[in-house]
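Visitor: Give me the fold of what follows.
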Amino acid sequence: MHRTPHGQQEGGTTACGPSVLSARLTGHPFGEKDSDAGGRTGRRMNSRLEKKHIFLLSLSTLNRGTFVSVELLNKWEMPFIRAASKVAQQVLLAPGCSCEPLYISARCISFSPRQVTSDASFHSVSFSETDHPKVLITGGLGQLGVGLAKLLRKQFGNNNVILSDIRKPPNHVFHSGPFIYSDILDYKNLREIVVNNRITWLVHYSALLSAVGEANVTLARDVNITGLHNILDIAVEHGLRLFVPSTIGAFGPTSPRNPTPDLCIQRPRTIYGVSKVHAELMGEYYHHRYGLDFRCLRYPGIISADSQPGGGTTDYAVQIFHDAIKTGKFVCNLKPDTRLPMMFIDDCLRATLEVMEAPAETLSMRTYNINAMSFTPEELAQEVQKQLPDLEVSYETDPVRQAIADSWPMNFEDSNARKDWGWKHEYDLAELVQTMLNFIGSDSRVAHAN
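Guide: Numbers count the residues shown, from 1 in each chain. Next up is the predicted model:
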C-alpha cells in the first residue's frame, strides 16, 4: 500500500474512523451520490446535467500547522464557496490528531434559476466608456436580425456582434460578420455559445409570427415559449442584459384599441400573442425575482426593404412595395379600412439600441410601447400611387389575418418611452413610402441589369 510522505495511508481507515467525509453541498435534485467500502465516491447524474463541476478540498495536518490545498476542476460559484467555508471552518477548529489526511469531497453544480434562493441577485456587467458589450442575436436571419447586427457592428465593432440562426445564411450575411449556428431549444448549445464567446448582451429575435403560428401551434409553443425559458435561464445564470421584443399582437379584442396604453388588459387570441404576453411577464418576474436586466419593446408592424415578408399579419405593408415595383399589381389580404400602427425598420432598430443603452435608473418599466405612424391599406396604397400612378390594388380578405388584425391596437400610446429614455421616431408615411420605393426599385434595376 502506498504511503504518503508523512507516513499516512491513502485509501484506508485509522483508529479515528473513516478517512473520507462526503459533503453534498448543493442539494441538487438531479444527482445522487454514494460511496463504496474503499471510500471512493461515485456519482449517478441525470442526463440533463451533462457537465458537472467537481471540487476537492483536502486538509492535511502537518506538524504544528495545517496545510490546505484546493483542486478546482471547473468554475465554482459563490453559494458553494460559502458552504465549503463553513465545512472547512468546522474541520479546522476540530481537535487535532495524528490520523491520515481528511478529505472533503463535494459537488458544485453550476447555477440555475431552479436553484436560486429568494435573496439571490444578479446584475448585468457594466461597461466603461472604452468597453463594448459582446452581443448575441438569436433568430438573426429574420426581418430584424440582420439589420440590427449591421447597426450594432457600427456601434460596437464587427467582431462584438454575433448573428445566429438554425438556417444557412446567404453569402452577404455570412461574410458581413460573425455568424454561428444556434438552436434556442438546445440549452447546452446556447450555454456553450454564451460562455465561449463571453456574451454580455442577448437579443432574442427567434419566434414564429402570428399567421404562421396559428398554422402550427405546437411548433409556435415550442419556439416562442420553451425557447424563451432557455434564454431566460441562461441570461440569469450569466448575468446578461436581455432584450426580448413584444408586439401589437400581445393585445386582444378587449384591449383599448385607439390608443392602446402601456398598461391595460391584454388577453390576445393567438398563440403568438399569448407567447408574447408570457415573455413580457416572465421577463419582468425574472427582473424582480433574480435581478435580470430584462428590456422589452412592443413593436408595431415593422416595414423593411431588405427582407421578405415572414408570415405576419402586417406583412401586406411590405409586400405592396415589392409587387408595385415588379408587377404593378397588388392584392391585399386585409380590408381597405383596417388601421394598424406601423414603423419603418430604421426607427425600430434605433429604438432597440437606445433602450438597451439607457441607464437602468431611467426605466420606469421593463416593457414599453413604441410608435411612429398608423395607417390603413387604402391610405398606404394611395401614398404609393402618388409615386407609381399605374399601380393596381385589389382586396381579397384572408379571414384568419383579418380576425387577427381586428383584435389588435389601431394606434399605440408611447408617451412613457418618449419621457423615460427619449424615444422619437423619424419616419412618417410619406418618407416611408419614398424610402421603400427607392431601395426596392434600386435593387430591382440592379437585378434586371445582371
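
Visitor: Is it correct that H204 is in contact with T138?
Guide: Yes. Assessed by C-beta atoms under 8 Å, H204 is found in contact with T138 at 5.1 Å. In this view, the C-beta of every residue, glycine as well, is placed from N, C-alpha and C.

Visitor: Between these two, which contacts overlap?
Guide: Counting by C-beta atoms under 8 Å, 6 or more residues apart in numbering, the contacts common to H204 and T138 are 184, 231.

Visitor: Tell me which of the two has more neighbours.
Guide: The neighbour count for H204 versus T138, taken as other C-beta atoms under 10 Å, is higher for T138 (26 against 23).

Visitor: check contacts around that one.
Guide: T138 touches 145, 164-165, 182, 184, 202-206, 231, counting by C-beta under 8 Å, 6+ apart.

Visitor: how near is H287 to A235?
Guide: Separation of H287 from A235 (C-beta to C-beta, to the nearest Å) stands at 10 Å.

Visitor: Return the subset of the contacts of T138 lying in helices.
Guide: 145, 231 (DSSP state H).

Visitor: pLDDT below threshold where in the stretch 101-250 of the chain?
Guide: Along the stretch 101-250 of the chain, the model assigns pLDDT under 70 to residues 101-130.

Visitor: quick one: the strands in it?
Guide: Counting by DSSP state E, counting those that start in this stretch, the stretch 101-250 of the chain has strands at residues 102-108, 135-138, 161-165, 179-181, 201-204, 241-243, 246-247.

Visitor: Report the spatially nearest residue to Q387, omitting neighbours in sequence.
Guide: Closest residue in space to Q387, ignoring its immediate chain neighbours: L437 at 5.5 Å, by C-beta to C-beta, 6 or more residues apart in numbering.

Visitor: How much space separates the one you found from E237?
Guide: As judged by C-beta to C-beta, L437 and E237 stand 46 Å apart.

Visitor: Which one of those two is surrounded by more residues?
Guide: Legend: neighbour count by other C-beta under 10 Å for L437 and E237, higher for E237 (20 against 17).

Visitor: And that one, how far from N230?
Guide: According to C-beta to C-beta, E237 and N230 sit 11 Å apart.

Visitor: swap in S164?
Guide: 13 Å.

Visitor: and A417, what does it touch?
Guide: Counting by C-beta under 8 Å, 6+ apart, A417 touches 297, 351, 355, 368-370, 423.

Visitor: What is the neighbour count of L163?
Guide: Around L163 there are 29 residues (other C-beta under 10 Å).

Visitor: wait, I meant G142
Guide: For G142, the neighbour count with other C-beta under 10 Å is 20.

Visitor: How about the one 4 residues further on?
Guide: Burial measure for V146: 23 neighbouring residues, criterion other C-beta under 10 Å.

Visitor: in the stretch 301-450 of the chain, which spans are helices?
Guide: With DSSP state H, counting those that start in this stretch, the ranges of helices along the stretch 301-450 of the chain come out as 316-326, 345-357, 377-387, 399-406, 415-420, 429-449.

Visitor: Ok, the stretch 151-300 of the chain next?
Guide: Along the stretch 151-300 of the chain, counting by DSSP H, counting those that start in this stretch, helices occupy 171-174, 187-196, 210-215, 217-221, 227-237, 271-290.

Visitor: Can you name the residues in contact with the longest one?
Guide: So the one you mean is helix 271-290. Here helix 271-290 makes contact (C-beta under 8 Å, 6+ apart) with 113, 116, 120-122, 207-210, 213-214, 217, 220-221, 224-225, 228-229, 232, 235-236, 242, 244, 246-247, 249-252, 266, 268, 292-294, 296, 366-367.

Visitor: thinking again about what came up before, looking at S164 and N230 now, which is surrounded by more residues?
Guide: Set S164 next to N230 and count neighbours by other C-beta under 10 Å: S164 wins out with 25 against 20.

Visitor: list the contacts for the nearest residue to the more buried one once chain neighbours are set aside?
Guide: Excluding its sequence neighbours, the residue lying closest to S164 (C-beta to C-beta, 6+ apart) is S182, at 3.5 Å. Residues in contact with S182, defined by C-beta under 8 Å, 6+ apart, are 136, 138, 164-166, 189-190, 193.

Visitor: make it 6 Å
Guide: Residues near S182 by C-beta atoms under 6 Å, 6 or more residues apart in numbering: 138, 164, 193.

Visitor: Give me the distance between it and L151.
Guide: Distance, S182 to L151, by C-beta to C-beta: 20 Å.
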